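K.L.:
give me a model of this one.
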Amino acid sequence: MRERRRLPRGARIPTASMADIAFLLLIFFLTSTIFRLETGLEVDLPRADSGIGAARTRSAHIWLDRTGELAVDDRIVDLETLEQVLGAKLRASGELIVSLQIDEEVPYEMVDRLIGALRRANIRNVRLGTEEDPAAP
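P.N.:
Reported below is the predicted structural model:
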């Protein structure tokens, strides 16, 4: 009489389609992820005919809205602490380009106080943010 072979009776998980599942999960998470570049105060910028962009490395973004609220890199600060924040960033990076995003409704007195604070913080590179004028040729 012939002896029958016994197959092991354990639970097995099929792994043949594991790569397909991992690939589908990767695609799902890549397409459903929201990347937040930068947010700040809601500011209506003045129009410009032309301009050049500044590098994102070694830069600070300052927003000033029409109510006088001031934000530096998504953090609301007051004018007195602005010098300390920018001074620390300048010491950390060595060179700092400050991008000003100022609402067009802001009184010039506020802009003058902001530029004075930048001078006291020893900031030399300042970029004024504008929006492209759609009516410009």
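K.L.:
ok, how many other residues are close to Arg66?
P.N.:
Arg66: 16 surrounding residues under other C-beta atoms under 10 Å. Any C-beta I mention is one placed from the backbone N, CA and C, and that applies to glycine too.
K.L.:
do Thr81 as well
P.N.:
By other C-beta under 10 Å, 13 other residues sit near Thr81.
K.L.:
so it: helix, strand or coil?
P.N.:
Secondary structure assignment for Thr81 (DSSP: H, G, I helix; E, B strand; the rest coil): helix.
K.L.:
quick one, strands of this protein?
P.N.:
Listed in chain order, the strands of the chain (DSSP state E) span residues 47-48, 59-64, 70-72, 75-77, 97-102, 125-128, 131-132.
K.L.:
ok now the fourth one, how far from the chain's centre?
P.N.:
Between the mean C-alpha point of strand 75-77 and the mean C-alpha point of its chain there is a distance of 14 Å (C-alpha atoms, centre = their mean, to the nearest Å).
K.L.:
quick one: contacts for Glu105?
P.N.:
Glu105 sits next to 44, 66 when contact means C-beta atoms under 8 Å, 6 or more residues apart in numbering.
K.L.:
roughly how far does it sit from Gly68?
P.N.:
Per C-beta to C-beta, to the nearest Å, Glu105 is found 11 Å from Gly68.
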